[in-house]
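In: need the 3D shape of this:
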Amino acid sequence: MTLETVTTQQVATWAAKGGVEFIDVRSPDAYNGWCLGGELRGGHIPGARSLPAKWAAYIDWLDIVRSKGIEPGATVVLYGDADEDLQTVARLFLRAGFKDVRVYRNFTKEWSPRAELPMDRLARYAHLVPPEWVHALPAGAAPQGSDTGRTVICHCHYGNAGDYEEGHIPGAISLDTLALESPETWNRRTPDELREALEEHGIAHDTTVILYGRDSSPGPNDAFPGKSAGHLAAMRCAFLLMYAGVEDVRVLNGGLRSWQDARLPVSSKATVPARVAAFGLKIPAHPEIVLDTPEVKELLASQDGYLVGMRSRSEFEGKVSGYNYIEAKGRIPGEIFGNCGRDAYHMDNFRNPDSTTLEYPQIAAALKAAGIVPGKQVVFFCGTGWRASEAFYNTWLMGWEKIAVYD
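Out: Presented below is the predicted three-dimensional model:
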């Protein structure tokens with residue numbers, strides 16, 4: 001297969017003028033900003049879409065392309081750090097009826113080293129980490145450049161110790177969401193309870209904490225399908241740790257699935273956390289990222305912000321409550337529909353097919369289409385806070401500042 005190779009000058013011209021679909025075939029982590037393939041600057045060509053070569057094996061590959069608004073009449077320019085990947089993805093585009101498919105082979109050698117050529121990246125990409133980075137961390141040590149003293153990796157789950165025992169990242173500890181949430185309401189625990197839980201798990205305010213979970217499809221008889229939504233649980237824990245005051249919270253992009261996709265080892269050997277003497281800050285250190293009912297009423301009355309329901313369409317329209325333990329159906333007057341995905345236990349519309357986080361320009365565009373932009377106060381909610389926490393973390397990664405969760 002012979003493909004037209006474009007030059008750096010051509011790419012620079014197209015990037016400035018538009019009219020070309022740039023496709024980044026590297027991993028989502030490289031697209032976000034991590035230097036994983038020899039790049040001197042992390043990130044991607046402005047306007048590029050993320051379509052990793054890894055996804056070429058997915059049966060719904062063409063549906064993914066369509067979901068990004070890439071049409072067969074477009075001029076498509078593929079770039080990455082491996083010619084084999086370019087060939088693989090180009091072949092799929094041609095089979096799908098795309099006529100003008102070209103490749104840019106000098107992204108690593110020519111584009112990334114030249115400071116005058118523009119690059120975009122996720123504002124806080126370092127807090128959405130690739131499995132290779134986690135694997136390379138010395139056991140218990142803080143990441144390079146971090147001011148923290150140590151690292152704790154947490155395998156997150158809801159009341160399901162067997163999920164941890166089934167297999168986890170070596171050295172990770174088990175973190176049950178119930179340690180941070182009330183079992184009666186699944187809302188955050190009291191400051192004293194949070195302090196006790198964090199100290200028991202070896203987490204102080206200056207600990208680097210890396211969170212992840214295992215995602216699997218819930219069975220039809222699950223009393224609480226959220227037991228299977230382990231990576232969603234990790235997002236919930238990330239939010240609550242930030243609320244408490246942990247200064248360096250990171251999430252493994254894609255959870256345990258990405259770790260296993262990278263063919264990295266899992267362990268069934270339990271790691272017992274070493275309790276810390278003190279958390280080191282007054283909890284909550286960041287009360288501003290949580291709103292309760294009185295504050296939400298004020299927000300809605302003032303019309304000076306957005307209350308965004310991270311719920312499914314059937315929940316928003318009042319057809320179902322979304323939960324077998326919540327009877328009320330419908331929506332809060334003034335709520336903006338956030339369209340999380342299929343049901344109360346999934347964030348399909350904010351995830352890639354391999355469970356990694358959707359490319360951030362796509363998330364920003366979806367929020368903008370709903371009328372939600374940074375600047376005003378943005379408050380996310382769902383049923384008990386899990387999906388809202390993932391939306392919060394995604395927008396925090398993008399650098400949004402006035403964001404919170406209605407718990």
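
In: what about K297, how many neighbours?
Out: K297 is flanked by 13 other residues according to other Cβ atoms under 10 Å. Glycine gets a C-beta too; all of them are placed from N, C-alpha and C.

In: do P265 as well
Out: Applying other Cβ under 10 Å, we find 10 residues neighbouring P265.

In: list the contacts for it?
Out: Contact criterion Cβ atoms under 8 Å, 6 or more residues apart in numbering gives P170 as the residues in contact with P265.

In: got a pLDDT number for it?
Out: The confidence metric pLDDT takes the value 96 at P265.

In: quick one: it is in a helix?
Out: No. Counting by DSSP: H, G, I helix; E, B strand; the rest coil, P265 is located in no helix; its state is coil.

In: pretty sure L232 contacts Y212?
Out: No. In this structure, L232 is not within contact of Y212 by Cβ atoms under 8 Å, at 11.2 Å.

In: these two: who's more crowded?
Out: More neighbours surround Y212 than the other of L232 and Y212, with 33 against 24 (other Cβ under 10 Å).

In: how about V266, nearest residue that isn't a chain neighbour?
Out: Computed as Cβ to Cβ, 6 or more residues apart in numbering, the closest residue to V266 that is not its neighbour in sequence is G167, at 3.9 Å.

In: the one you found: neighbour count?
Out: Using other Cβ under 10 Å, G167 has 16 neighbouring residues.

In: got the contact list for it?
Out: Contacts of G167 by Cβ under 8 Å, 6+ apart are 256, 266-268.

In: same question for E21.
Out: E21 sits next to 49, 70, 74-77 when contact means Cβ under 8 Å, 6+ apart.

In: try it again with 6 Å
Out: For E21, the contacting residues are 70, 74, 76, taking Cβ atoms under 6 Å, 6 or more residues apart in numbering as the criterion.

In: tell me the SS of the last one?
Out: Secondary structure assignment for V76 (three-state DSSP): strand.

In: what bridges to it?
Out: The bridge-partner assignment for V76, based on DSSP bridges, gives E21, V101.

In: burial of it, as a residue count?
Out: V76 has 24 neighbours, counted by other Cβ under 10 Å.

In: of all residues in this structure, which one is nearest the centre?
Out: Centroid-nearest residue in the chain: T357, 3.8 Å away (criterion: Cα atoms, centre = their mean).

In: and the gap between it and P130?
Out: For T357, the distance to P130 (Cβ to Cβ, to the nearest Å) stands at 12 Å.

In: look up phi and psi at the nearest residue to G280 once chain neighbours are set aside.
Out: Once its chain neighbours are removed from consideration, G280 has its nearest residue in H205; the separation is 4.4 Å (Cβ to Cβ, 6+ apart). Backbone dihedrals for H205, given as degrees, to the nearest 10, come out at phi -60, psi -30.

In: ok so, going back, intersection of neighbour lists for T357 and P130?
Out: Counting by Cβ under 6 Å, 6+ apart, nothing touches both T357 and P130.

In: nearest to P191, of the contacts of E21?
Out: Within the contacts of E21, distances to P191 taken as Cβ to Cβ reach their minimum at I70, with 48.1 Å.

In: looking at this, that closest one is in a strand?
Out: No. When classified by three-state DSSP, I70 is found to be coil rather than part of a strand.

In: could you list every residue that touches it?
Out: If you count contacts by Cβ under 6 Å, 6+ apart, I70 has them with E21.

In: check what pLDDT it gets.
Out: According to the predicted model, the pLDDT of I70 comes to 95.

In: gap between it and D81?
Out: 21 Å.

In: before we move on, what about V11?
Out: As defined by Cβ to Cβ, V11 lies at a distance of 15 Å from D81.

In: returning to that earlier point: which of the contacts of G167 sits closest to H286?
Out: Within those, proximity to H286 (Cβ to Cβ) peaks at L256, which comes in at 27.6 Å.

In: leaving out chain neighbours, which residue sits closest to D292?
Out: In space, not counting the residues next to it along the chain, D292 is nearest to D407; the distance is 6.6 Å by Cβ to Cβ, 6+ apart.

In: correct me, but the one you found touches W186?
Out: No. Applying Cβ atoms under 6 Å, one finds D407 not in contact with W186, separated by 9.2 Å.

In: near S267, how many other residues are there?
Out: Residue neighbour count, defined by other Cβ under 10 Å, stands at 12 for S267.

In: columns distance to E196 on top of the contacts of E21, output as JSON lines?
Out: Putting the contacts of E21 into JSON lines (distance: Cβ to Cβ, whole Å) gives the following:
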{"residue": "I70", "distance to E196": "50"}
{"residue": "A74", "distance to E196": "56"}
{"residue": "V76", "distance to E196": "55"}
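
In: and which of the residues you listed is nearest to F98?
Out: For the contacts of E21, with F98 as the reference and Cβ to Cβ as the criterion, the closest is V76, at 5.8 Å.

In: which residues does the closest one contact?
Out: 21, 23, 93, 98, 101.

In: and the closest residue to N339 other than its chain neighbours, its phi and psi?
Out: Taking Cβ to Cβ, 6+ apart, and ignoring the residues beside it in sequence, N339 has N349 as its nearest neighbour in space, at 5.6 Å. The phi and psi torsions at N349 (degrees, to the nearest 10) take the values phi -80, psi 0.

In: N349 touches G341, doesn't it?
Out: Yes. Counting by Cβ under 6 Å, a contact exists between N349 and G341, whose distance comes to 4.7 Å.

In: so where's the chain uncertain?
Out: 1, 140, 142, 144-148, 216-228 (pLDDT under 70).

In: mind listing the helices for the stretch 101-250 of the chain?
Out: Applying DSSP state H, counting those that start in this stretch to the stretch 101-250 of the chain gives helices spanning 131-136, 161-166, 191-200, 230-244.

In: show me what counts as buried in the third one.
Out: Along helix 191-200, these residues count as buried under the neighbour rule (16 or more other Cβ atoms under 10 Å): 191, 194-195, 197-199.

In: which two of those residues have the greatest separation?
Out: Of all pairs in the buried residues of helix 191-200, the most separated under Cβ to Cβ is P191 and E199 at 12.4 Å.

In: does T384 sit in a helix, a strand or a coil?
Out: Reduced to three states with three-state DSSP, the structure at T384 is coil.

In: can you give me the neighbour number for it?
Out: Residue crowding around T384 was assessed by other Cβ under 10 Å; the count is 21.
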